[in-house]
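Trainee: Fold the following, please.
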Amino acid sequence: MAPHLEIFLIWAGASVFLQLDPVNGDQQLSENTTVPFAVTPGNGCVFPFIYGGKTYFDCAIRGSIFRWCALNVDYIGRWKYCTRKDHAKRTFPFIYRGKIYESCTKTGSIFWRRWCSLSLNFDQDRAWRYC
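Mentor: Numbers count the residues shown, from 1 in each chain. Just a heads-up that it's a prediction; the model follows:
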């Protein structure tokens, strides 16, 4: 019975994957388009970036099953999958609850883990990560 379950899981996973829209889609380019859509070595993630009217301060999952990032501040179709080195960098100093922090803090952490902001103003942007 186990082989049937494995086949079912593979089929279910492929079905879900094929239903998702790719992040950059199969965009129809006009003849005037000069933006290169291929990712070349050396291109890195740009944070923050804007995609679909929302600002992302770290790699996103929206529209994909894997974390990805834009290669431009305003997403124009250039993107890549995130690796460990691609995640957003910590920002110091940052503002949290009206106070300036120069390093990671446990203040406000539910699990008492040190965290920091990914933007200068956490109170406004709510972008953070564990240190």
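Trainee: Low-confidence stretches in the chain?
Mentor: 1-43 (pLDDT under 70).
Trainee: All the helices of it, in order from the start?
Mentor: For the chain, helices defined by DSSP state H occupy the ranges 2-19, 122-125.
Trainee: Could I get the CA-only coordinates of the shortest one as CSV?
Mentor: The one in question is helix 122-125. Taking C-alpha atoms only, helix 122-125 is exported to CSV below (Å, rounded to 0.1, in the frame of the first residue of the first chain):
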residue,chain,number,x,y,z
PHE,A,122,9.7,49.0,12.5
ASP,A,123,6.7,50.8,13.9
GLN,A,124,5.8,51.8,10.4
ASP,A,125,7.0,48.9,8.2
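Trainee: Show me what that helix is in contact with.
Mentor: Residues outside helix 122-125 that contact it (Cβ atoms under 8 Å, 6 or more residues apart in numbering): T55, F57, F94, I95, Y96, R97, G98, S117, L118, S119, W128. (C-beta placed from N, C-alpha, C; glycine too.)
Trainee: Next one: the closest residue to A60 other than its chain neighbours from C104, what distance?
Mentor: Closest residue to A60 apart from its sequence neighbours, by Cβ to Cβ, 6 or more residues apart in numbering: W68 at 6.1 Å. Remark: distance between W68 and C104 (Cβ to Cβ, to the nearest Å) = 26 Å.
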